[in-house]
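# With the sequence up front, the predicted model follows.
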Amino acid sequence: MPGGRLTQQERQQIALGLADGLAYAEIARRLDRPTSTVTREVMRNGGVSAYRADLAHRATERRTHRRRQAAPAGVGELPQDHGRDAEAVREYEEVFTTVLMRAGTPKMMSRVLVCLSITDSGSLTAAELAQRLQVSPASISKAIAFLEEQGLVRRERDDRRRERYVVDDDVWYESMMASARASAHLVRIARQGVGVLGSGTPAGVRLENIARFVDFVSESIVRAAEQAREILHSKP
């Protein structure tokens with residue numbers, strides 16, 4: 001099986017495979033590459049609908065150049081325990097960040113959340129985050145404020161009185177609950193509009209249908225999250 005980075009020709013084959021509607025596994029089989037390699041390549045370069053071989057190749061060259069020009073070895077890198085491959089971790093971090101960004105989370109907030117999520121402790125100080133991500137403390141502070149508001153991280157003090165940012169096992173449950181609360185507010189506002197515009201008018205009917213739809217979906221998500229919450233605490 002070939003190793004190393006994807007070539008431009010391989011990227012062109014990936015683009016053709018995507019255009020033909022092939023699954024990642026089939027494209028990988030034709031390239032004699034792991035499916036994970038193709039998945040990472042596509043996700044960090046625009047996704048299925050936006051992947052372009054030439055743009056992906058140039059983007060990879062730029063990333064490689066930035067790494068070579070970056071700080072000395074070891075600075076900004078997460079410690080690699082359990083025999084993990086450092087390059088594979090970096091690539092996965094990029095993919096995870098891209099997925100969160102495409103789901104609507106701003107870039108810096110996505111980077112901070114991923115950085116916390118892929119540490120075994122699930123906890124880092126502002127200084128540690130700034131070092132690993134090579135950004136300013138102000139950027140970390142802004143990202144943490146946003147993530148706290150979404151229920152994705154919390155603060156605590158360690159034994160040295162340093163403030164640490166923590167991503168709990170319950171983080172996705174709490175995030176869904178925060179989303180449900182926002183949806184409930186939307187339902188109330190939509191129904192307020194029904195009273196203003198008139199329940200028998202086209203606009204009033206439209207708003208009532210929006211309220212009913214959001215209310216039903218939100219309640220379904222809350223029920224499912226409550227039922228599946230224990231999964232977040234299961235041990236391998």
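Thanks, I have the structure now. Bear in mind the structure is a predicted one, so any value in this text is a computation, not a measurement. Numbers count the residues shown, from 1 in each chain.

# quick one: which helix or strand includes the most centrally placed residue in the chain?
The C-alpha lying nearest the average C-alpha coordinate of the chain belongs to residue 100 (C-alpha atoms, centre = their mean; 2.4 Å). Residue 100 is part of helix 86-102 when elements are defined by DSSP states H and E.

# I'd like the next helix or strand past that helix.
Next along from helix 86-102, by DSSP H and E: helix 107-117.

# returning to what we had before: what's the helix holding residue 100 packed up against?
helix 35-43, helix 107-117 (3 or more C-beta pairs under 8 Å, 6 or more residues apart in numbering; DSSP states H and E). From N, CA and C alone the C-beta is placed, and that goes for glycine too.

# what domains does the record give for this structure?
The chain breaks down into these domains under automatic domain parsing: 8-69, 86-166, 171-233.

# now these in a markdown table, with mean pLDDT?
Output for the domains of the chain, formatted as a markdown table (pLDDT from 0 to 100):
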| stretch | mean pLDDT |
| --- | --- |
| domain 8-69 | 84 |
| domain 86-166 | 88 |
| domain 171-233 | 92 |
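
# For residue 179, see how far away the residue nearest to the centre of the chain is.
Using C-beta to C-beta, to the nearest Å, one gets 14 Å for the distance from residue 100 to residue 179.

# Strands along the chain, start to end?
123-125, 154-157, 163-166 (DSSP state E).

# packing partners for the shortest one?
Same thing as strand 123-125. Using 3+ C-beta pairs under 8 Å, 6+ apart: strand 123-125 touches helix 107-117, strand 163-166.
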